[in-house]
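> curious how this folds, go ahead:
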Amino acid sequence: MAMAALLLNTMGYAQRYAVIDTKYILERMPDYKEAQKKLDQFSEQWQKEIELKQSELDAMYRSFESEQVMLSPTLRKKREDELFNREKELRDLQKRRFGFEGDLFRKRQELVKPIQDRVYNAIQKLAVDRQYDFILDKSEGITVIFADPRLDRSDDVLKALGVK
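Numbers count the residues shown, from 1 in each chain. All right, here's what the predicted structure looks like:
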């Protein structure tokens, strides 16, 4: 009941909103294109580094496979350990370059995030200047980018739920 009253109360106000497409905006910004180009170059360079390590590892495996019948148990164990360590190094390198919060993530933060922040600030200024209550982004589904804080009724919902 309280939720229905809350919804009716907020619907009573005439709300002004706008729809934007951040993907469209970013793709038309030269500095964003340049940042993406640099990211692609780093990504390609790191991918080549990983592929080189992988081909070295593959060669080691082929060599081991062809020689293992002639190796003593001690030497075989040593080579297996070396292969295992090389595999681990390769996985660690992949994770360091492309994993969560890896080099690519940090480069993206360094190169792209400042541009995205400028776009966000421009959107926020537009919302304030033109008195929009909401700005919706249609680039990847509908996302609220800006909402007038005066319209936030989260505390009213918490109160209705008895949460202080």
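
> could you use CA atoms for every contact and neighbour count after this?
Noted.

> wait, residue 27 sits on residue 36?
No - the pair residue 27 and residue 36 fails to qualify as a contact (C-alpha atoms under 8 Å) at a distance of 9.7 Å.

> more neighbours: which of the two?
For residue 27 and residue 36, the more surrounded residue by other C-alpha atoms under 10 Å is residue 36, and the numbers stand at 16 against 12.

> ok, so what distance separates the closest residue to the more buried one other than its chain neighbours from residue 95?
For residue 36, the nearest residue in space outside its immediate sequence neighbours is residue 112; the separation is 7.5 Å by C-alpha to C-alpha, 6 or more residues apart in numbering. Using C-alpha to C-alpha, to the nearest Å, one gets 21 Å for the distance from residue 112 to residue 95.

> who's more crowded, those two?
Counting neighbours by other C-alpha under 10 Å for residue 112 and for residue 95 shows that residue 112 has the greater number, 19 against 14.

> the helix or strand containing residue 74: what's the following helix or strand?
With secondary structure defined by DSSP states H and E, residue 74 is part of helix 73-98. The first helix or strand that comes after helix 73-98 along the chain, using DSSP H and E, is helix 103-111.

> center of the chain, which residue is that?
Ranked by distance to the mean C-alpha position of the chain (C-alpha atoms, centre = their mean), the top residue is residue 105 at 7.0 Å.

> cheers, nothing more for now.
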